[in-house]
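Enquirer: Predicted model and sequence follow; I will ask about them next.
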Amino acid sequence: MSYAEKPEMILFDVGGTLFDDTKCIPIDGLRELRLRADNPEVTTDEILAELWDSYMEEIGSDIRSASGVKLDMPLSSVIKYITMNAGLHFSFDMYNQEEIFDRFNSERKVIDGVVSLLKTLDSLSIRTAVISNNAMSGESLSLAVNRWIPENKFEFFLTSADLLLTKPDKSLFVAAANYADVDAKDCWYCGDGRIPDVDGAKNSGMTPVLIDENSSQSFEWRADGGRGEYLAINHWCELEKYLLSL
């Protein structure tokens, strides 16, 4: 793990890192799915909401592996349960169903500085990809990110829904490095969470960068909670300037 040399690859989280989203309102996403179905008249928004609530109550919110790693329920399973029980039929695939649900269940904005940072990384020949604790599949997440940041050069998208295992477990990080054919020590990981992102990156040998928009310090080295030193910034322009100085 090193901040002294330009990384070969930088991987990014999504929520709080690339995007800021308002609170998720599932019924808004389900309503849009119903309206785009081949037979929207077969059910109502109220029935969809009831199916959502009953399914969430049944599966719970803390499913774990044998070793205690939290597991993510794939959004595709939730959508299939609700829409099939409601009798809805679609002429488009599940990846697009996930993206539509995601697009309409909250309001979204791209975090300031992200687009400029990604352009700079491309100019520096630093490869990029996405690792996210996300119920969407990597394929559907790519549709969402490409819609909002069409100029990105992300090579792939890997989510906890793809592997079930969530950050800070090192599984996603190791899988991403191996898939990209790069050593974890030559990768930086950018996210907004100390436990899933900073600890997860360190667990795998990647170099963490924390985006903390509420920090009064624009650029600082932190060492809290026994994590060892890591870099924290309050705006993506700070990382851009630092990389250009290497």
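Expert: The structure has been received and is ready for your questions.
Enquirer: burial count for residue 138?
Expert: Residues within reach of residue 138, counting by other Cβ atoms under 10 Å, total 19. In short, each C-beta sits where N, CA and C put it, glycine included.
Enquirer: my bad, should have said residue 51
Expert: Using other Cβ under 10 Å, residue 51 has 19 other residues around it.
Enquirer: ditto for residue 130
Expert: Residue 130 has 23 neighbours, counted by other Cβ under 10 Å.
Enquirer: Touching the longest helix belonging to the chain from outside, list them.
Expert: Under DSSP state H, the helix in the chain containing the largest number of residues is helix 45-59. The list of residues contacting helix 45-59 from outside it, by Cβ atoms under 8 Å, 6 or more residues apart in numbering, reads 26, 27, 30, 31, 34, 73, 78, 81, 82, 83, 85, 86.
Enquirer: Now residue 36: closest residue in space, sequence neighbours ignored.
Expert: residue 100 (6.4 Å; Cβ to Cβ, 6 or more residues apart in numbering).
Enquirer: returning to what we had before: pull out the buried residues from the contacts of helix 45-59.
Expert: 26, 30, 31, 34, 73, 78, 81, 82, 83, 86 (16 or more other Cβ atoms under 10 Å).
Enquirer: for the last one, what are its contacts?
Expert: Applying Cβ under 8 Å, 6+ apart, we find residue 86 in contact with 34, 42, 43, 47, 48, 51.
Enquirer: For the strand or helix carrying residue 20, which helices and strands make contact with it?
Expert: Residue 20 is part of strand 19-21, with elements assigned from DSSP states H and E. Contacts defined by 3 or more Cβ pairs under 8 Å, 6 or more residues apart in numbering; DSSP states H and E place strand 19-21 against strand 108-110.
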